[in-house]
Every structure is written in C-alpha cells, then in structure tokens.
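A.B. asks: Fold the following for me, if possible:
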Amino acid sequence: MAQEPPGMPDDLPGSKPIEPARGFEEKQQIPPDKSAFKSEMEQAPGKDETTGPQAVTPMELAKTGVPTGESPTIESLLGQVNTAEGTVRTIQKNLNTPNLKFKHSHQRLLENKLTEAKDNLTAASEKLGVPKVPEQAIPAGATPITRFLNFVTTGQNQLIEAKRKLEEVASGKGQLQPGQMLLVQVKIAQAQQALEYSSVLLGKVVDSIKQIMGMQI
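C.D. replies: Presented below is the predicted three-dimensional model:
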C-alpha cells in the first residue's frame, strides 16, 4: 500500500485549500476583452434610427433646397418643384441612353425609388388639392426602361399640376394653410430624395455602359 510523501500534512494551522483551477476556469469563461467589446458595442451609436424612405433629416432637406428652421412659403415650394423637375429631366435623358441595361439589383432599386418618388409627388399634389394624374397603361411584357419612363412621366405630369396650383396661389387665386404647405414641403423633399438617388444610380450605370462601348470601339 502506497504511503503519502512526508511533509504534506493536511491539518496545519491556518492552511486553506488551494484552488488554482477555479480561478483559471473563471478567466476562461470571461475573456479579458469580452467586457471591453460589450462596453464598446453599448456605446456605439445606432445606425438605423433615421434610415428608410420616410426619414427626412434637416441635412437631407437642406440638400433638396428646403430651408431648415423656416416656415415654407409659396416661393420655397416652387423652388422645390423646379429642382425636382430638373432631376426628372436628367433621369429621362439617362433612361434614353442607347443599349441601356440593368443588373437585377439595380433594376429593383431603381423601380422602388422611382415608385417612391411618384407616390410622394402624388401625395404632395393631393395636399395642394390637385387631382391625381392618371397613369399610362403599361403593356404586358414591357421592358424595365419602359416602366421606368412611365413612372418618371407620371411624376413629371404631377409636378406640372402642382406647379400650376402653386402659381395660382402666388397670383392671389386661392390660399394654402401653413399646415398644408408644411406637408407639401416634406412630401416634395422625400420625392426629391428618391429622385436624386435614382439619378445617381442611373448615372453610374450609363457611365459603365459608355466605358464598355469605348473599349469595344
């Protein structure tokens, strides 16, 4: 029978069990950098609080020509409409580029943004008391470009009607309440956001096609 080695009594005064393994396990369970990572994540600002088609920040409104911190006027609304009309003309020009083709992802994005712009322009016109402009029928099997041009044309016609109404009010024929003008301001700004996004995306697609055609030549 094996004997315990001498010098290892277990009844020494003040002796306590040694627990090196327990401390090691605790360190294994909570790595030193895990708490730091958690703290850093908790301090990181949120990124999705103001995103989405309906979120309009003061900076974005400023980009679309809307004066921040000021009440909308007939003149400022007309300025917004003129800016949107210019963006629409740019989109129409790019959509008529020869040999224009889209990746599926670009096609989906562009359709969503142009639809969003059209719907916001329609909402702005309704706030002005302008009837909704009827959309042209899209034939079955129409190409994406045909659909996009239909969206843009509808939005352009809606802008024309809204501009006519604003010009009538500016000349003294009728009036708009401050609440109405504020809603019109926001809806046109949201439409302009979507139009600018569409214009930038289209511009990149057109540039890519021009580069490819130049290489082929």
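A.B. asks: what about the longest helix in the protein?
C.D. replies: In the chain, assigned by DSSP state H, the helix with the most residues is helix 178-216.
A.B. asks: and that helix, which residues are buried?
C.D. replies: 181, 183-199, 201-202, 205 (16 or more other Cβ atoms under 10 Å). All C-beta spots, glycine's among them, are computed from the backbone N, C-alpha and C.
A.B. asks: swap in stretch 120-131?
C.D. replies: 120-128, 130.
A.B. asks: hang on, the earlier thing: so which elements touch the longest helix of the chain?
C.D. replies: The contact analysis (3 or more Cβ pairs under 8 Å, 6 or more residues apart in numbering; DSSP states H and E) places helix 178-216 against helix 58-63, helix 74-95, helix 104-128, helix 144-170.
A.B. asks: With respect to I212, which of those lies nearest?
C.D. replies: helix 104-128 (14.8 Å; Cβ to Cβ).
A.B. asks: which secondary structure elements does that closest one contact?
C.D. replies: Using 3+ Cβ pairs under 8 Å, 6+ apart: helix 104-128 touches helix 144-170, helix 178-216.
A.B. asks: okay if I get these as TSV plus mean pLDDT?
C.D. replies: Output for the helices and strands packed on helix 104-128, formatted as TSV (pLDDT from 0 to 100):
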stretch	mean pLDDT
helix 144-170	93
helix 178-216	90
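A.B. asks: quick one: which of those helices is nearest P134?
C.D. replies: helix 144-170 (8.4 Å).
A.B. asks: May I see the helices and strands packed on helix 104-128 arranged in a markdown table, with distance to H106 as well?
C.D. replies: Output for the helices and strands packed on helix 104-128, formatted as a markdown table (distance: least, Cβ to Cβ, whole Å):
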| stretch | distance to H106 |
| --- | --- |
| helix 144-170 | 9 |
| helix 178-216 | 6 |
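A.B. asks: of those, which approaches E85 most closely?
C.D. replies: Nearest of the helices and strands packed on helix 104-128 (Cβ to Cβ): helix 144-170, 5.5 Å.
A.B. asks: Could you give me the buried positions within that closest one?
C.D. replies: 144-145, 147-159, 161-163, 165-166, 169.
A.B. asks: how much does that helix deviate in direction from helix 178-216?
C.D. replies: 150 degrees (axes from the mean of the first three to the mean of the last three Cα atoms, to 10 degrees).
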